[in-house]
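Peer 1: with the input below, show me the fold.
(chains A, B, C and D)
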Protein chains: 2
Amino acid sequence: MPIASIVSDTQRSPTAAETALTRRVDLTTLRLFIAVCDEQNLTRAAQREGIAASAVSKRMNDFELAFGVTLFKRLAKGMALTPAGEALLHHARVTLLNVEKIAVELSEYSQGVRGHVRMLANLSAIVQYLPEDLSAFFAAHELLRVDLQERPSAQVVRGIEEGAAELGICSAETDSRALEAFHYRYDNLVVVMRPDHPLAGREKLLFTETLDFDHIGLHTASSIYLRSQYAATQAGKTMRLRINVPGFDAVCRMVQANMGLGLIPDRAFEVVGAGMGLRAIPLRDDWGRRELKIVVRDAAQLSATSRLMLDYLRTIEADRLGRVGGRAS
Amino acid sequence: MPIASIVSDTQRSPTAAETALTRRVDLTTLRLFIAVCDEQNLTRAAQREGIAASAVSKRMNDFELAFGVTLFKRLAKGMALTPAGEALLHHARVTLLNVEKIAVELSEYSQGVRGHVRMLANLSAIVQYLPEDLSAFFAAHELLRVDLQERPSAQVVRGIEEGAAELGICSAETDSRALEAFHYRYDNLVVVMRPDHPLAGREKLLFTETLDFDHIGLHTASSIYLRSQYAATQAGKTMRLRINVPGFDAVCRMVQANMGLGLIPDRAFEVVGAGMGLRAIPLRDDWGRRELKIVVRDAAQLSATSRLMLDYLRTIEADRLGRVGGRAS
DNA sequence: GGATTGTTAGAATCCTTTCCCAACAATCTT
DNA sequence: AAGATTGTTGGGAAAGGATTCTAACAATCC
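Peer 2: The predicted structure follows:
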């Protein structure tokens, strides 16, 4: 993005003088600084942190001196931030948040947790397969912990590329660029409707048959939404959308409220919409069968724990298929 | 996302014991730790950091003791990470990166820069209006600096909500939820084509008229792509997409290469596709005129510098319209 | 004048680093 | 095969540095 970089400067590498300054930053100073900002008063901040006011004063002054910056305007009633102070406050907050994460995560290790796996996954995977897969995984490896976040498929890829997590699960149609990809699960889309809907008696449906009725859409970045819009376009028809909602449960509730048809994966319906008295009819179109894939940056360089998880996720469906003798649901 | 939170634990608040542990983390230890990880060797790490090897050893041991965790497997050939060590490494890296940002930013303040504004904007704003608007703004306020990142409109909103930046610019059609929104600019979409294209002689075009020809799409999260797909659907037709590309310049290059029609904002064409010998024909549909809006979390609580920028961006078009006497381009 | 506010100074304390040495494993030399 | 050499991490004592505390001091507000 060349045009952006003209005015952006976050990416440039720090000079030697700046790396020297890096060493003058320390966490207690940042913590105290935040306290002073919160209280807008040095004395109260010192009390809150259980330290003498003079110590705080000295730290703030030394810090300002070291960086050649004034952080506060010293008023008679307390301390007010300068622009430089505001900039520091922002970074100080996220830095301390990070440090807190360190403490939390390490203390988990000390209590026996032997590994952490950071994962990103799309909604379909999280709702349908991950709860069971992960709990089965935990049964075999009690000492592991997973940090899972939901994101649309495209951003799962982005997050893995950027190293925000090690394992990602996204729709197989998503472009995963330089990442390594492995098969995870197959998915089947079903049309969800009330039992009194005109189509409720059907065994199977073509997507085009549903286009004469109102639809309830997922959020616009979801792959199901994008794919169904595309299918409608291909058929030369229009999807009549009443509303876009953020989750499968919300879709089912909207269907229940007679807002229209919903299009969600079958297992999601079993999990989320089961007790709601709704009908789910399989989609006959070829794109009604979807694939979820696992993406990683470099399988060879994965941490031992992530490697374990990856191997597990890759074999689990193979096992299941072997037992059942075919591709189930 | 209740189902996700069962297995996710990033959001939970730290216990008292953990906040106590927070104080045992310090940056030099983290820096040394990273050095040891990089070198996989305590002695070399100590040399690199200009410190005695035994001091490093002591720090690592104390740290392990404090958290009750083993970070390394001590091998004869050096030190290898345990899973806990890998987890720490990840967080340590991002923490130090943040600290470096602090040093960089503050040293800029010390050199006279008086304020930082963090912004997110969509591609349309960045390519068309921000370069001029920002440079004009800088002319009036030499001492300010802007940190600008490109994101699709929906994620601009998300970023502002999460506090990643203070000012955002996105398409007016984007749902900005609880954020405050202000008008920024109007936009007009044009159809870009080669001069030898059948439609090249036209003065204006309806989007439906272009649907008989191949199109070049932007990336699927872009508002132009979403909106034009929707329009095609509404017209009961199909958009014949040859390829999706990530930027306006790429669209123009594809058009030049005879891949099809492009749909981009007019000013983007002037900036990016001007010298490429292409035709740009205005879109006559009502949605061909788009609006860009500025979003902020709470205008009343904005920092002084961001406030300045917001006020500037809000007035600049009003001025321009006043001078020109109407809505230009 | 009393009660805020933040700042300064000197002494006590705490912590870190350094230095030297020990134990150990792997590798090379005799 | 035995011994020497190199490189590794770990531990204890002393020196040096940094941080903190108490106490006293200015400036402002009510």
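
Peer 1: now the helices for chain A?
Peer 2: Applying DSSP state H to chain A gives helices spanning A:2-7, A:16-22, A:27-39, A:42-48, A:53-67, A:83-110, A:123-128, A:130-140, A:153-161, A:207-210, A:223-234, A:248-256, A:266-272, A:304-324.

Peer 1: highest mean neighbour count out of these?
Peer 2: helix A:123-128 (a mean of 26; mean count of other CB atoms under 10 Å in any protein chain shown). Glycine gets a C-beta too; all of them are placed from N, C-alpha and C.

Peer 1: need the CA coordinates for it. PDB is fine.
Peer 2: Taking C-alpha atoms only, helix A:123-128 is exported to PDB below (Å, rounded to 0.1, in the frame of the first residue of the first chain):
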ATOM      1  CA  LEU A 123     -17.800 -19.700  13.300                       C
ATOM      2  CA  SER A 124     -18.800 -22.900  11.500                       C
ATOM      3  CA  ALA A 125     -15.800 -24.800  13.000                       C
ATOM      4  CA  ILE A 126     -16.400 -23.300  16.500                       C
ATOM      5  CA  VAL A 127     -20.000 -24.100  16.700                       C
ATOM      6  CA  GLN A 128     -20.000 -27.500  15.000                       C
END
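
Peer 1: how far does that helix sit from its chain's centre?
Peer 2: Relative to its chain's centre, helix A:123-128 lies at 12 Å (CA atoms, centre = their mean, to the nearest Å).

Peer 1: I'd like to know which elements it is packed against.
Peer 2: Counting contacts by 3 or more CB pairs under 8 Å, 6 or more residues apart in numbering or on different chains; DSSP states H and E, helix A:123-128 packs against strand A:144-150, strand A:167-171, strand A:180-193, strand A:261-265, helix A:266-272, strand A:289-296, helix B:2-7.

Peer 1: looking at the ones you listed, which is nearest to DNA strand C?
Peer 2: The closest approach between DNA strand C and any of these, judged by CB to the nearest atom of the strand, belongs to strand A:144-150 at 28.8 Å.

Peer 1: please parse chain A into its domains.
Peer 2: A:11-110, A:115-183+A:297-324, A:186-289 (automatic domain parsing).

Peer 1: can I get these in JSON lines with distance to DNA strand D and mean pLDDT?
Peer 2: JSON lines is the format used below for the domains of chain A (distance: least, CB to the nearest atom of the strand, whole Å; pLDDT from 0 to 100):
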{"stretch": "domain A:11-110", "distance to DNA strand D": "3", "mean pLDDT": "85"}
{"stretch": "domain A:115-183+A:297-324", "distance to DNA strand D": "20", "mean pLDDT": "86"}
{"stretch": "domain A:186-289", "distance to DNA strand D": "46", "mean pLDDT": "88"}
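
Peer 1: now render those as a markdown table, adding distance to DNA strand C.
Peer 2: Listed next are the domains of chain A as a markdown table, based on distance: least, CB to the nearest atom of the strand, whole Å:
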| stretch | distance to DNA strand C |
| --- | --- |
| domain A:11-110 | 3 |
| domain A:115-183+A:297-324 | 21 |
| domain A:186-289 | 44 |
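
Peer 1: quick revisit: residue B:211: which of the helices and strands packed on helix A:123-128 is closest?
Peer 2: Of all the helices and strands packed on helix A:123-128, it is strand A:261-265 that lies closest to residue B:211, at 24.8 Å by CB to CB.

Peer 1: related to what we said a few turns ago, can I get the domains of chain A in a markdown table with distance to residue B:165?
Peer 2: Output for the domains of chain A, formatted as a markdown table (distance: least, CB to CB, whole Å):
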| stretch | distance to residue B:165 |
| --- | --- |
| domain A:11-110 | 10 |
| domain A:115-183+A:297-324 | 17 |
| domain A:186-289 | 20 |
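
Peer 1: looking at these, which is closest to residue B:205?
Peer 2: Nearest to residue B:205, of all the domains of chain A, is domain A:186-289, at 19.3 Å by CB to CB.

Peer 1: what are the bridge partners for the nearest residue to residue A:159 once chain neighbours are set aside, then?
Peer 2: Once flanking residues are discounted, residue A:159 sits nearest to residue A:120: 4.6 Å by CB to CB, 6 or more residues apart in numbering or on different chains. Beta-bridge partners for residue A:120, by DSSP bridges, are residue A:149, residue A:168.

Peer 1: residue A:120 reaches residue A:169, doesn't it?
Peer 2: Yes. Applying CB atoms under 8 Å, one finds residue A:120 in contact with residue A:169, separated by 7.4 Å.

Peer 1: shared neighbours, the two?
Peer 2: Both residue A:120 and residue A:169 are contacted by residue A:156, under the criterion CB atoms under 8 Å, 6 or more residues apart in numbering or on different chains.

Peer 1: tell me the contacts of the residue lying closest to residue A:128 once chain neighbours are set aside?
Peer 2: Using CB to CB, 6+ apart and skipping the chain neighbours, the partner closest in space to residue A:128 is residue A:267 (3.8 Å). Counting by CB under 8 Å, 6+ apart, residue A:267 touches A:127-129, A:187, A:329.

Peer 1: residue A:267 and residue A:132, how far apart?
Peer 2: 9 Å (CB to CB, to the nearest Å).

Peer 1: so what's the residue nearest to residue A:159 up against?
Peer 2: Contacts for residue A:120 (CB under 8 Å, 6+ apart) come out as A:148-151, A:155-156, A:159-160, A:164-165, A:167-169.

Peer 1: kindly recompute the last result at 7 Å.
Peer 2: By CB atoms under 7 Å, 6 or more residues apart in numbering or on different chains, residue A:120 lies in contact with A:149, A:151, A:156, A:159-160, A:164-165, A:168.

Peer 1: same thing with residue A:287?
Peer 2: Counting by CB under 7 Å, 6+ apart, residue A:287 touches A:227, A:231.
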